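Asker: Okay, sequence plus prediction incoming.
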Amino acid sequence: MTVGHARDVAAPSGPMGRPSPGFVRAIARLTGWRRLGLAWLAGALGALAMPPFGFLPALAVSLSVAVWLMDGAAADRTALRRLRPCFLLGWAWGFGYLTAGLWWLGQAFLVEADEFLWALPLGVVGLPFALGLFYGAGFGAAGLLWARGPARIAALAFGIGAAEWLRGHLFTGFPWNTLGMALAQNLWLMQGAAAIGLYGLTILAVLICAAPATLATGSHPRSRFGPSAAAAIVLIGLALYGAARVGPPDPVVTGVRLRLVQPNLPQDAKFRPENRADIVDRYIELSQRPTEAGAPEPTHIVWPESAFPFLIQRDPDALAKVLAGLKPGQQLMTGAARAEEPLPGERLRYFNAVMVIGPDGVISDTYDKVHLVPFGEYLPAPLDAALRALGLRQFVAIPGGFSAGTLAAQRILTVPGLPPVAATICYEAIFPHAILPATAASVPRPPGLILNVTNDAWFGDTPGPRQHLAQARLRAVEEGLPLIRDANTGISAVIDPHGRILAQTELDTETWLDADLPARIVGGTLYGQFGDAAFALMLAACLGGALTARRRS
């Protein structure tokens with residue numbers, strides 16, 4: 001690529017004859033490791049738009065730099081010759097973005113450092129390195145569509161939007177810190193998810209935050225200022241829609257009073273059988289704490305994921321002790337490991353579950369986690385035998401790892417005194433449109449709330465638990481359902497169907513939380529009914545706009 005050609009793309013001239021600023025031309029001219037290094041830094045800067053920082057301008061700078069780098073990578077090449085440099089550029093940008101946004105995963109490797117410390121680089125660097133390939137594919141697709149003018153912003157939105165959707169679905173999916181979360185931390189802006197979901201917000205986030213790139217490269221006032229003006233209008237419109245939608249406080253379900261128990265058990269002690277009696281005593285003591293003066297007694301108690309370091313279904317003494325800690329009429333919803341008797345010739349199967357236990361001591365309903373964490377709760381089948389032969393195991397010390405629940409039995413729990421409960425365990429709550437069962441048509445009544453039990457003690461006081469809460473919160477907006485979230489070390493919260501946090505706990509605190517249950521939105525949401533249909537239309541519109549501009553150029 002010659003300097004002259006780079007200048008033609010990075011600083012197009014038009015009727016106004018306005019060249020691009022020198023720093024933009026310099027960015028577009030970068031090649032080799034300098035281009036990839038700046039892309040990595042730009043991606044890392046973009047992570048500041050994610051929780052807990054929520055600094056949206058960081059993503060605007062990040063994506064603007066990405067556009068200018070793409071101007072150089074796609075300069076004076078046939079479509080296929082653009083593919084490789086654009087792919088590498090996108091991979092470097094995604095690698096930086098995910099490294100800066102997911103570094104806290106390393107904390108999990110330190111819980112049992114004697115066994116897992118060697119693998120820390122695989123989580124902190126290896127995972128972002130691999131997931132960056134999705135962004136590489138997205139930038140590569142955008143490069144094939146790249147053309148002068150504002151339409152290249154649509155090309156980038158198409159590429160990144162498709163890449164984020166694929167990242168959330170392929171190889172079990174991992175939609176953590178999807179770019180749409182940049183618009184999903186403000187109460188008003190997040191309301192758009194009720195219509196277009198997380199991936200629709202992702203398209204908008206790219207269109208809005210990449211638009212300022214044209215301020216430095218447009219050759220005509222319309223192409224120079226038009227994209228940023230349109231982005232500002234969309235952002236203001238999204239905020240106005242959200243302000244109108246939020247409205248007054250949501251009503252509450254009569255006769256229901258929740259108590260969320262947060263025991264703050266250290267992860268290195270949580271699963272030791274010798275601690276079983278102390279752990280149960282702590283849960284019971286927190287569950288029996290007196291209510292505030294004049295407040296009603298809790299009708300439903302919630303304990304977090306994997307509450308016990310033993311199988312409570314097979315320990316009648318412990319179950320009797322738990323029941324003794326419940327007051328008359330109270331129902332307990334608790335995370336717990338459970339075992340299922342094997343078929344002849346098979347091993348005992350373990351499940352990460354939510355159990356409903358009534359005052360009569362009967363486990364009346366159970367949900368088994370469907371979306372397990374690879375390497376955390378199980379070893380993927382192609383690698384299982386080989387890794388175990390090397391003496392390796394998943395993080396959770398369950399023989400053979402957890403087994404996944406079946407889709408036919410997914411989600412909906414029947415709990416006396418509550419509307420139907422859509423259960424999620426741990427990171428299942430980060431997956432859009434995964435709240436209802438695959439056989440939703442067979443559910444006689446729609447769910448009235450989302451229950452999310454989790455154990456974020458693996459990640460300590462890092463951005464991880466805060467990011468987890470923010471993503472679970474968006475599910476409430478998407479589905480129009482209240483969210484009840486109980487975490488071992490925090491952050492536990494009660495969130496209404498508009499995403500308002502009505503009550504929450506502090507991180508790393510032993511406490512409990514009493515709250516009423518907000519009612520669901522009558523009629524649900526567009527996203528709850530149609531899923532990613534709006535996202536697909538937005539993706540097609542970006543593709544159409546980019547193709548049209550490409551043909552004209």
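Answerer: Arrived safely, thanks for sending.

Asker: which residues in the stretch 301-450 of the chain form strands?
Answerer: Under the criterion DSSP state E, counting those that start in this stretch, strands of the stretch 301-450 of the chain are mapped to 331-340, 349-357, 363-368, 412-413, 421-425, 449-454.

Asker: same check, this time on the chain
Answerer: 252-262, 300-303, 331-340, 349-357, 363-368, 412-413, 421-425, 449-454, 483-487, 493-495, 501-504, 511-518 (DSSP state E).

Asker: now the ones you listed in JSON lines, with mean neighbour count and distance to Pro51?
Answerer: C-betas here are computed from N, CA, C, even on glycine. Shown next, in JSON lines, are the strands of the chain (neighbours: other C-beta atoms under 10 Å; distance: least, C-beta to C-beta, whole Å):
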{"stretch": "strand 252-262", "mean neighbour count": "20", "distance to Pro51": "19"}
{"stretch": "strand 300-303", "mean neighbour count": "26", "distance to Pro51": "23"}
{"stretch": "strand 331-340", "mean neighbour count": "21", "distance to Pro51": "23"}
{"stretch": "strand 349-357", "mean neighbour count": "23", "distance to Pro51": "25"}
{"stretch": "strand 363-368", "mean neighbour count": "19", "distance to Pro51": "27"}
{"stretch": "strand 412-413", "mean neighbour count": "20", "distance to Pro51": "28"}
{"stretch": "strand 421-425", "mean neighbour count": "26", "distance to Pro51": "18"}
{"stretch": "strand 449-454", "mean neighbour count": "28", "distance to Pro51": "15"}
{"stretch": "strand 483-487", "mean neighbour count": "28", "distance to Pro51": "14"}
{"stretch": "strand 493-495", "mean neighbour count": "24", "distance to Pro51": "13"}
{"stretch": "strand 501-504", "mean neighbour count": "16", "distance to Pro51": "13"}
{"stretch": "strand 511-518", "mean neighbour count": "20", "distance to Pro51": "20"}
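
Asker: With distance to Leu144 and mean pLDDT as extra columns, can I get the ones you listed in CSV?
Answerer: Output for the strands of the chain, formatted as CSV (distance: least, C-beta to C-beta, whole Å; pLDDT from 0 to 100):
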stretch, distance to Leu144, mean pLDDT
strand 252-262, 50, 96
strand 300-303, 50, 96
strand 331-340, 46, 92
strand 349-357, 42, 91
strand 363-368, 43, 91
strand 412-413, 43, 90
strand 421-425, 38, 94
strand 449-454, 40, 96
strand 483-487, 40, 97
strand 493-495, 41, 98
strand 501-504, 43, 96
strand 511-518, 47, 96
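
Asker: As JSON lines, the ones you listed with distance to Gly123 would be great.
Answerer: Formatted as JSON lines, the strands of the chain follow (distance: least, C-beta to C-beta, whole Å):
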{"stretch": "strand 252-262", "distance to Gly123": "26"}
{"stretch": "strand 300-303", "distance to Gly123": "28"}
{"stretch": "strand 331-340", "distance to Gly123": "23"}
{"stretch": "strand 349-357", "distance to Gly123": "20"}
{"stretch": "strand 363-368", "distance to Gly123": "26"}
{"stretch": "strand 412-413", "distance to Gly123": "32"}
{"stretch": "strand 421-425", "distance to Gly123": "21"}
{"stretch": "strand 449-454", "distance to Gly123": "19"}
{"stretch": "strand 483-487", "distance to Gly123": "21"}
{"stretch": "strand 493-495", "distance to Gly123": "26"}
{"stretch": "strand 501-504", "distance to Gly123": "28"}
{"stretch": "strand 511-518", "distance to Gly123": "30"}
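
Asker: Identify whichever of these lies nearest to Ala26.
Answerer: Closest approach to Ala26 among these (C-beta to C-beta): strand 501-504, 44.5 Å.

Asker: So which elements touch the closest one?
Answerer: strand 493-495, strand 511-518 (3 or more C-beta pairs under 8 Å, 6 or more residues apart in numbering; DSSP states H and E).

Asker: Give me the buried positions along the longest helix along the chain.
Answerer: The helix that spans the most residues within the chain, counting by DSSP state H, is helix 221-246. Buried residues in helix 221-246, counted by 16 or more other C-beta atoms under 10 Å: 223-224, 226-228, 231, 235, 238-239, 241-242, 245-246.

Asker: Can you tell me which of those lies closest to Phe55?
Answerer: Using C-beta to C-beta, Leu235 comes nearest to Phe55 of these, at 14.9 Å.

Asker: who's in contact with the closest one?
Answerer: Counting by C-beta atoms under 8 Å, 6 or more residues apart in numbering, Leu235 touches 189, 208.

Asker: One more: Val322?
Answerer: By C-beta under 8 Å, 6+ apart, the neighbours of Val322 are 280, 283-284, 312, 332, 357.

Asker: ok, the residues you listed vs Phe402, which is closest?
Answerer: Once C-beta to C-beta is applied, the member of the contacts of Val322 that ends up nearest Phe402 is Ile312, at 16.0 Å.

Asker: hang on, the earlier thing: could you dump the strands of the stretch 301-450 of the chain into TSV with distance to Pro482 added?
Answerer: Below are the strands of the stretch 301-450 of the chain laid out as TSV (distance: least, C-beta to C-beta, whole Å):
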stretch	distance to Pro482
strand 331-340	14
strand 349-357	17
strand 363-368	18
strand 412-413	15
strand 421-425	10
strand 449-454	5
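
Asker: Please name whichever of those is nearest to Arg167.
Answerer: strand 421-425 (19.5 Å).

Asker: For that closest one, give me every contacting residue.
Answerer: Residues from elsewhere that reach strand 421-425, judged by C-beta under 8 Å, 6+ apart: 305, 333, 335, 352-354, 367, 369, 411-415, 434-436, 447-454, 472, 475, 479, 481.

Asker: Please export the C-alpha coordinates of it as CSV.
Answerer: What follows is strand 421-425, C-alpha atoms only, in CSV (Å, rounded to 0.1, in the frame of the first residue of the first chain):
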residue,chain,number,x,y,z
VAL,A,421,-40.7,-18.8,38.3
ALA,A,422,-38.2,-18.7,35.4
ALA,A,423,-35.1,-20.0,37.1
THR,A,424,-31.5,-19.3,36.0
ILE,A,425,-28.3,-20.3,37.7
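
Asker: Could you check the angle that strand makes with strand 449-454?
Answerer: Interaxial angle, strand 421-425 versus strand 449-454 (axes from the mean of the first three to the mean of the last three C-alpha atoms, to 10 degrees): 20 degrees.
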